[in-house]
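**Student:** coordinates only, sequence not included:
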């Protein structure tokens, strides 16, 4: 059984998406039980439409919902203890849930998750890991937005955490890891990235295979299982790729409707286009994983639909089933001498 | 008449691509004259095949060619004064050419260009500007690889230079400028980017319209005419987008050949696919422009073909015809109090 807590009020559509999304995930994974946090009056009627979900979940009323544009500091002030977002996270802390999922605003979610769950020993800053569709399948990319800048030791900690996530998600023993850089030569790039490369090579960590530097176009190729970078670059690379995919989809739509012949061609090739759409479906890889906290929190895209939210739940489900937190803890313990020691929970 | 110097030995294919590329550009712009630098024995027979080009160009023999994997420092030591790359750049300095074009290695080309042409007054570091295809047309993105990190004043100088290039290339009076960041809110992102935003807003520069922060997905949307970022992020964003485009093209090919029906559909829609391919053709936007030097140097992709090299030549041609260097000089003079003063040619 996997226990999942949901911030039902999070995201652009709140309960409208979260509740049907949970129902979909439950259909595919009947061993899930949910702990739901939201405004009772906004959820009751919706929940009644999904009797199986209702039966497999406990609902807690929370009057406060965090807005999508609320500043993290304000969200924390206003929403600590009382908001659906906070309570979903707190359920992971108390053990009422194995993982929390929210489509709410990223900054607020990260601030609350750090405050409530605290960072793991030897982790200075948590990261958000995303799943990147590649020509070979999928890769993990981190950090995609929790940090701005990272020193060599932080990049090293991202590598260890990303490696543990790859083992949990892809079930491979020794995932390959690359550092995102502007060239593959040793002499190129940011000082911190080169230093992280040196540390990774010297550390020779059993649980991961360091493959050197990778470039922006290696992301789509799937050159390595895990791509490590700091959050500013990672976020911009992710959005640049998403933007390009949308741009090409728009060109393709325009091209296919430009003449009678192309519209006929489209009809013949409709199966192919459906397969392509399926392949490019951003909902399928929805779910950023917060790494480096004492508990797992999954961030869903705020604008996703029920199918996308179900995918985010399933990422959390996989992480729990494959013991992600334990794997990271073990690696951090094993290689603790590589990391800066932090001062315990206060360092969070 | 536009005088263009070419490093004939540069790129993965050297004369095989550069000479036919020059011939193509000349066909479309008969007012070009070329100054060619390369190994006589490797170029003679090829050049003889293009009599118009031969007639409109002066050939200078250079025995030294810079290798694609040569380190900038080594290239400079070995190739200064004597290499085809150096001499193509030097022709801009002496006035024998208005612009130099090379498909040779970027690091060496930038090192030589800085050493030979020197940076403009008030410019600490040159940038490479790329032309990014967008849903609205084209945008300019800089820096895409000359710098690693940039402070607020450097970002400001990129904005002024990119703005001048937009005026030269797109012939608009007051191009819109955005700073690449991880969020559009004032409080987000790197300190330097926020500071640059403050400076740009306060400076209120006549020749450009500062639109605030833009995110990675605004690149493909064409939200602004000019996107400013430092070279590490710019290079990774560019390559991530290129990688995504290749990835989707590969999905599309696979989808179109998966069944008899989809292959028939492809035949019907062939015109549409050709239009799409044309739209996505990376050769059409080939040509990184070095900005901030006392002279224009264009970097072509090393692996491009004759059509792509011709496009790079045409970017140079447009820059000269529209008085890019003069436009940048004027703006820098007008807003010189915004920039750090540098110590003259030694600061290059």
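**Tutor:** On my side now, so go ahead. Since the structure is predicted, the reported quantities are computational estimates derived from the model, not experimental observations.
**Student:** Run a quick neighbour tally on residue A:94.
**Tutor:** Other residues lying near residue A:94 total 11 when counted by other Cβ atoms under 10 Å in any protein chain shown. All C-beta spots, glycine's among them, are computed from the backbone N, C-alpha and C.
**Student:** Can you report phi and psi for it?
**Tutor:** Backbone torsions for residue A:94, taken as degrees, to the nearest 10, come to phi -80, psi -10.
**Student:** And it, how far from residue A:293?
**Tutor:** 15 Å (Cβ to Cβ, to the nearest Å).
**Student:** quick one: residue A:212 and residue A:229, what's the gap?
**Tutor:** 14 Å.
**Student:** Of those two, give the one with the bigger neighbour count.
**Tutor:** residue A:229 (33 against 17).
**Student:** just to revisit the earlier point, common neighbours of residue A:212 and residue A:229, please.
**Tutor:** residue A:179 (Cβ atoms under 8 Å, 6 or more residues apart in numbering or on different chains).
**Student:** what's the following helix or strand after the helix or strand hosting residue A:45?
**Tutor:** Using DSSP states H and E, residue A:45 falls within helix A:40-48. Sequence-wise, the next helix or strand beyond helix A:40-48 is helix A:51-55, with elements assigned using DSSP H and E.
**Student:** Any stretches of chain A with poor pLDDT?
**Tutor:** Along chain A, segments meeting pLDDT under 70 span A:184-187, A:340-348.
**Student:** buried residues in the helix ranked longest in chain A?
**Tutor:** Longest helix in chain A, counting residues (DSSP state H): helix A:231-256. Neighbour counts over helix A:231-256 (16 or more other Cβ atoms under 10 Å in any protein chain shown) mark A:231-248, A:251-252, A:255-256 as buried.
**Student:** Chain B next: which of the residues you listed are close?
**Tutor:** A:231-233, A:235-248, A:251-252, A:255-256 (Cβ under 8 Å from any Cβ of the partner chain).
**Student:** Which of the residues in the helix holding residue A:45 are classified as buried?
**Tutor:** Using 16+ other Cβ under 10 Å as the test for burial, helix A:40-48 gives A:42, A:43, A:46, A:47.
**Student:** Now distance to residue B:278 too, for those residues, in JSON lines please.
**Tutor:** Formatted as JSON lines, these follow (distance: Cβ to Cβ, whole Å):
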{"residue": "A:42", "distance to residue B:278": "50"}
{"residue": "A:43", "distance to residue B:278": "51"}
{"residue": "A:46", "distance to residue B:278": "48"}
{"residue": "A:47", "distance to residue B:278": "52"}
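**Student:** Go back to those residues and keep what's next to chain B.
**Tutor:** On the criterion Cβ under 8 Å from any Cβ, none of the entries of the buried residues of helix A:40-48 sits beside chain B.
**Student:** Name the nearest of those residues relative to residue B:165.
**Tutor:** residue A:42 (51.7 Å; Cβ to Cβ).
**Student:** pretty sure the closest one contacts residue A:15?
**Tutor:** Yes: here residue A:42 reaches residue A:15: they are 5.5 Å apart, a contact under Cβ atoms under 8 Å.
**Student:** so what sits against both of these two?
**Tutor:** In contact with both residue A:42 and residue A:15: residue A:9, using Cβ under 8 Å, 6+ apart.
**Student:** list the contacts for residue A:192?
**Tutor:** With contacts defined as Cβ under 8 Å, 6+ apart, residue A:192 is in contact with A:149, A:150, A:151, A:152, A:155, A:230.
**Student:** just curious, which of those is nearest to chain B?
**Tutor:** Comparing the contacts of residue A:192 against chain B with Cβ to the nearest Cβ places residue A:149 closest, at 7.0 Å.
**Student:** Tally up the residues packed near the closest one, please.
**Tutor:** If you count neighbours by other Cβ under 10 Å, residue A:149 ends up with 14.
**Student:** same check, this time on the one 10 residues further on
**Tutor:** Neighbour count for residue A:159, taken as other Cβ under 10 Å: 27.
**Student:** Doesn't it belong to a helix?
**Tutor:** Yes: assigned with DSSP: H, G, I helix; E, B strand; the rest coil, residue A:159 falls within a helix.
**Student:** Now whatever residue of the stretch 51-200 of chain A ends up closest to chain B. Nearest residue, chain neighbours left out?
**Tutor:** Nearest to chain B, among the residues of the stretch 51-200 of chain A, is residue A:182, at 4.5 Å (Cβ to the nearest Cβ). Leaving aside its chain neighbours, residue A:182 sits nearest to residue B:235 (4.5 Å; criterion: Cβ to Cβ, 6 or more residues apart in numbering or on different chains).
**Student:** contacting residues around the one you found?
**Tutor:** Neighbouring residues of residue B:235 by Cβ under 8 Å, 6+ apart: A:182, A:216, B:144, B:145.
**Student:** Next, count neighbours for residue A:57.
**Tutor:** Taking other Cβ under 10 Å as the criterion, the count of residues near residue A:57 is 22.
**Student:** same deal with the one 3 residues further on?
**Tutor:** A count of nearby residues for residue A:60, using other Cβ under 10 Å, gives 16.
**Student:** what's the answer for residue A:102, then?
**Tutor:** Residue A:102 has 31 neighbours, counted by other Cβ under 10 Å.
**Student:** And the helices in the stretch 101-250 of chain A?
**Tutor:** For the stretch 101-250 of chain A, the helices defined by DSSP state H, counting those that start in this stretch occupy A:106-117, A:152-170, A:191-203, A:218-221, A:231-256.
**Student:** Could you tell me the angle between the third one and helix A:152-170?
**Tutor:** Computed with axes from the mean of the first three to the mean of the last three Cα atoms, to 10 degrees, the direction of helix A:191-203 lies at 60 degrees from that of helix A:152-170.
**Student:** roughly how far is helix A:191-203 from the heart of the chain?
**Tutor:** For helix A:191-203, the separation from the chain centroid amounts to 25 Å (computed by Cα atoms, centre = their mean, to the nearest Å).
**Student:** just the shortest one next, same as before
**Tutor:** For helix A:218-221, the distance from its own C-alpha centre to the chain's C-alpha centre is 18 Å (Cα atoms, centre = their mean).
**Student:** Domains in chain A, by residue range?
**Tutor:** Using automatic domain parsing, the domain parsing of chain A gives A:1-121+A:292-323, A:127-284.
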